[in-house]
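1. structure for this input, please:
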Amino acid sequence: LTIWDTGIGMTKLELINNLGTIAKSGTKAFMEALNAGADISCIGQFGVGFYSAYLVADRVTVVSKSQEDKQHIWESSAGGTFTVIEDFEGERLTRGTKVILHMKSDNLEFLEERRLKDLIKKHSEFISFPIELYVEKTSEKEVSDDEDEEKAEGNKETK
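-> Sure thing, here's the model as predicted:
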């Protein structure tokens, strides 16, 4: 699942500080609040929404391009370590951030169009800019044996 924006993006240092540091992310404060008896529903107050990605993904890749820096890739499998490298080969972003969730096999339901639309509607009610959902659609066409043979014969004649 890829979530993409065309915002200001992040520099290499911002990727490290904002995504890679537990104190900066708010996770530490959230865990302390939970231990003090806070309800888990207060997660949004601590800036740890990003880390909820690991509830459905086993690996997260963030590609970001700021006007102030080159394009970089931040990646982690939630084990407390991450890597940040310059992106020499990926699709070029003019600016912005692309978050790629490498989904766990038991959470593929979150890739279903209906499920995504429901989640987007529920959690973006007060966002004033448009959110677009790009989906791939495939359809199967049943071909009779006669049509299949005609097609094969047509291919032989044109060769």
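2. now for this structure, the helix or strand with the poorest mean pLDDT.
-> In the chain, no helix or strand scores lower on mean pLDDT, DSSP states H and E than helix 22-25, which sits at a mean of 51.
3. any idea how far the helix or strand containing N18 is from the middle of the chain?
-> According to DSSP states H and E, N18 maps onto helix 12-19. With CA atoms, centre = their mean, to the nearest Å as the basis, helix 12-19 stands 17 Å off its chain's centre.
4. list the buried residues of that helix.
-> 12, 14-16, 18-19 (16 or more other CB atoms under 10 Å). Every residue, glycine included, has its C-beta placed from N, CA and C.
5. likewise for stretch 74-85?
-> 74-76, 82, 84.
6. contacts for it?
-> Stretch 74-85 is contacted by residues 12, 15-16, 19-20, 51, 54, 58-62, 64, 72-73 when judged by CB atoms under 8 Å, 6 or more residues apart in numbering.
7. under the pLDDT cut-off, which ranges of this protein? List them.
-> Applying pLDDT under 70 to the chain flags residues 21-31, 38-48, 147-159.
8. run the last query once more with 50
-> 23, 46, 159 (pLDDT under 50).
9. which parts of it are helices?
-> With DSSP state H, the ranges of helices along the chain come out as 12-19, 22-25, 27-35, 113-123, 145-158.
10. contacts only, for D87.
-> D87 makes contact with 63, 70-73, according to CB under 8 Å, 6+ apart.
11. the same query, at a cut-off of 10 Å, please.
-> 63-65, 70-73, 93 (CB atoms under 10 Å, 6 or more residues apart in numbering).
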